[in-house]
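Colleague: Sequence plus predicted model, see below.
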Amino acid sequence: MGAQLSQIFYQQARSLGNPQEPIYFYPEDRTRRKTVHHGLTYVMDRIGPHTYDVHYGCCVLGYQIDYSKFDSGHIFVIKFKRNDWEPNCLENHILNVPGGMLDAAVFHEEGLPDILRYHLSSYITMVDFRTEKGIKIFEPVGSLSIDDLPFNTIPDALDSIPRVAISDLFAPRDFATPYQTMMVVSYKGNMYMFLNHAIFPLDEDSITWDDEILREVIQLSKFQSPFILSPSYIVTGTGKSSSKFRGFLQPFCPAGSLCDVFRRVNEMKKQVLTEKETKTSQNPIWSSWASYLTTPSPVSPNSLTIGWPVKLQWAIDVASGLVTLHKAEAYVGMLDLQHLVLARDGHIKLIDISPVMGFQLFSAAPEVDDGLNVQLTGPRDVFSLGLILWEIAEEFYYCDRDTTWQIPKTRWSDEQNGAPKWFRTLVQNCLSAEPSLRPSAAVVLSTLVSHAKTGK
């Protein structure tokens, strides 16, 4: 079994870990969400709840920004509020439309010329927008430089990690992520994922009171494990801000998370499923859904395309990473396919390992009780691990769940590449309703490794 696992693993797992088109790669720039108008770009749409009774709004526009570099150009933070004196004014119209935002052309024609009459030296200019007697007024009310933003000082705990200035990073135009705090960058010819702060004054509180990105890299720095994606560099500011924390770099994994991998695998399967079949194939059967108990298997015959040896090794990788954390009494709290990336070598590595007091509905253990109990424990992580092992075996990339206190009624595909009975039993043990009856992460790992060696 060992030789078979090794051969199949290196052939298929590495192929999956190095797709022809990496994740977030868009050579035609299809996902660029920035509309350019005479040097103005949309940095952020209207901020606030997308409801019809919003009383305040904000639009962030960039001016002469080079998106391949950081801290370039200028940013205008344009704030406005509901105008009771001018009911038909533009700001009211924007606030009345869910997702509405200020037209860059309006600011270019009626606001920017007056602002440019002054020496525009600040990186961020705060602008108040209002309508008076039918006239649109854009009034600068303050300015900020990069040095004014409340980025935290890099703590001594991160001294062992190399540093790089944010000005030395390059953001390739052909890459775009859907996340404001994650970017694909290049440094010294290598590709990295840059976890960073969105540079907007509205995010000051999140940086000052709870810097989640800093908390994450501090947690990552505590572990040296091949099953946890370590930080490669700490990113600093420049000049007066050279001691400030701007984010960190991790190796870029072109396959993305396991969720991305399974989505790609499913898209490649040459199957034509109806909308009903698609929904069935991507959702587990919960014990409360009696009508689904007699439906066919969620996976069509011969549709499992990833070899079992690969899945077994991935299961070992995930369990190994969790054992590393649990030995240090570190618990994740939110563990799912999005927190597992497929590296270029074909192995799985954990990311986002800093403790989270919240919960993710599908992967949360029943004792979480829909958020009433968010205590971090080993059994809670093991419950999530059981669901991950089931998803790996069945090649699922998305599942849903009504409530955390229901135990999933998993079903399995009896076909080539399907999970053996011992693996299914292990998963069910992890999904026990009673936390004390679940195996530890170490026991799960020992079971996986034992069967990998014997082939039974």
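Modeller: Looks like it arrived, so ask away. Residues are numbered from 1 along each chain as shown.
Colleague: Surely His451 is in contact with Lys421?
Modeller: No: with contact defined as C-beta atoms under 8 Å, His451 and Lys421 do not form a contacting pair (10.8 Å). Yep, even glycine has a C-beta here, placed from its N, CA and C like the rest.
Colleague: Of the two, which one has the most company?
Modeller: When His451 is set against Lys421 and neighbours are counted by other C-beta atoms under 10 Å, the residue ahead is His451, at 18 against 8.
Colleague: can you give me the helices for the stretch 51-200 of the chain?
Modeller: With DSSP state H, counting those that start in this stretch applied, the stretch 51-200 of the chain shows helices at 90-96, 104-110, 112-116, listed in chain order.
Colleague: Please disregard the earlier target; I meant the stretch 201-350 of the chain.
Modeller: Using DSSP H, counting those that start in this stretch, the helices of the stretch 201-350 of the chain run over residues 204-209, 212-220, 258-268, 275-281, 308-327.
Colleague: quick one: contacts for the residue located most distally from the centre of the chain?
Modeller: Of all residues in the chain, the one whose C-alpha sits farthest from the chain's mean C-alpha position, using C-alpha atoms, centre = their mean, is Lys133 at 45.8 Å. Taking C-beta atoms under 8 Å, 6 or more residues apart in numbering as the definition of contact, the neighbours of Lys133 are Glu86.
Colleague: if you set the cut-off to 10 Å instead, what comes out?
Modeller: Applying C-beta atoms under 10 Å, 6 or more residues apart in numbering, we find Lys133 in contact with 85-86.
Colleague: Just the buried residues of stretch 218-232, please?
Modeller: The neighbour-count check on stretch 218-232 (16 or more other C-beta atoms under 10 Å) flags 218-221, 223, 227-232 as buried.
Colleague: same check, this time on stretch 334-343
Modeller: Residues of stretch 334-343 classed as buried: 334-343 (neighbour count, 16+ other C-beta under 10 Å).
Colleague: Spatially, which two of those residues are the most separated?
Modeller: Met334 and Ala343 (20.9 Å; C-beta to C-beta).
Colleague: what's the neighbour count on the nearest residue to Ala105 once chain neighbours are set aside?
Modeller: Of all residues not flanking Ala105 in the chain, His37 sits nearest, at 5.4 Å (C-beta to C-beta, 6 or more residues apart in numbering). Residues contacting His37 under the criterion other C-beta under 10 Å number 15.
Colleague: pLDDT value on His37, please?
Modeller: The model reports His37 with a pLDDT of 77.
Colleague: show me what contacts it?
Modeller: 61, 103-109.
Colleague: which among those residues end up buried?
Modeller: By the neighbour-count criterion of 16+ other C-beta under 10 Å, those include these buried positions: 61, 104, 107-108.
Colleague: Need the winner for burial among the helices of the stretch 201-350 of the chain.
Modeller: Per residue and on average, the most neighbours among those fall to helix 308-327, with a mean of 23 (mean count of other C-beta atoms under 10 Å).
Colleague: Please determine how far the nearest residue to Asn417 once chain neighbours are set aside is located from Ala419.
Modeller: In this structure, Asn417 finds its nearest non-sequential neighbour in Leu304, 4.0 Å apart by C-beta to C-beta, 6+ apart. Distance of Leu304 to Ala419, computed by C-beta to C-beta, to the nearest Å: 9 Å.
Colleague: domain ranges for the protein?
Modeller: Following automatic domain parsing, one finds the domains of the chain at 2-17+256-454, 40-144, 149-251.
Colleague: can you tell me the average pLDDT over the shortest one?
Modeller: Pointing back at domain 149-251 there. Domain 149-251 carries an average pLDDT of 89.
Colleague: so how far is the first residue of it from its last?
Modeller: In domain 149-251, first residue to last residue: 27 Å (C-alpha to C-alpha, to the nearest Å).
Colleague: out of the helices of the stretch 201-350 of the chain, nearest to Gly237?
Modeller: Proximity of the helices of the stretch 201-350 of the chain to Gly237 was assessed by C-beta to C-beta; the nearest stretch is helix 204-209, lying at 12.6 Å.
Colleague: What is the three-state secondary structure of Val11?
Modeller: Small correction: residue 11 is Gln, not Val. Here Gln11 is helix, with the state taken from DSSP: H, G, I helix; E, B strand; the rest coil.
Colleague: Surely it touches Asn18?
Modeller: No: Gln11 is beyond contact range of Asn18, at 11.8 Å (criterion: C-beta atoms under 10 Å).
Colleague: Mind listing the shared neighbours of those two?
Modeller: In contact with both Gln11 and Asn18: Gly346, using C-beta under 10 Å, 6+ apart.
Colleague: Which residues are in contact with Glu91?
Modeller: The contact partners of Glu91, by C-beta under 10 Å, 6+ apart, come to 56-57, 79-83, 100, 102, 129-131, 136.
Colleague: Provide the secondary structure category for Arg411.
Modeller: Arg411 carries the three-state label coil when classified by three-state DSSP.
Colleague: now the one 5 residues further on
Modeller: When the structure is reduced to helix, strand and coil (three-state DSSP), Gln416 reads as coil.
Colleague: cool, and Thr425?
Modeller: helix.
Colleague: Going by residue numbers, what spans are strands in the stretch 351-456 of the chain?
Modeller: 408-409 (DSSP state E, counting those that start in this stretch).
Colleague: count of neighbours near the closest residue to Ala365 other than its chain neighbours?
Modeller: Using C-beta to C-beta, 6+ apart and skipping residues adjacent in sequence, the residue nearest Ala365 is Phe383, 3.7 Å away. Taking other C-beta under 10 Å as the criterion, the count of residues near Phe383 is 27.
Colleague: can you tell me which residues contact Phe383?
Modeller: Counting by C-beta under 10 Å, 6+ apart, Phe383 makes contact with 335, 363-368, 377, 404, 407-408, 430-433, 435, 438.
Colleague: ChimeraX command for the buried members of the residues you listed?
Modeller: With 16+ other C-beta under 10 Å as the burial test, the buried ones among the contacts of Phe383 are selected in ChimeraX as follows:
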select :335,363,364,365,366,367,368,404,408,430,431,432,438
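Colleague: which among the contacts of Glu91 end up buried?
Modeller: Buried by 16+ other C-beta under 10 Å: 57, 79-83, 100, 102, 129-131, 136, out of the contacts of Glu91.
Colleague: Just give me the closest of those residues to Phe252.
Modeller: For those, the minimum distance to Phe252 (C-beta to C-beta) is 34.5 Å, reached by Leu102.
Colleague: That closest one: what's it in contact with?
Modeller: Counting by C-beta under 10 Å, 6+ apart, Leu102 has contacts 42, 45-46, 57-61, 76, 78, 80, 90-91, 94, 111, 129, 138.
Colleague: Try it again at 8 Å.
Modeller: Neighbours of Leu102 in contact, by C-beta under 8 Å, 6+ apart: 46, 59, 61, 78, 80, 90, 94, 129.
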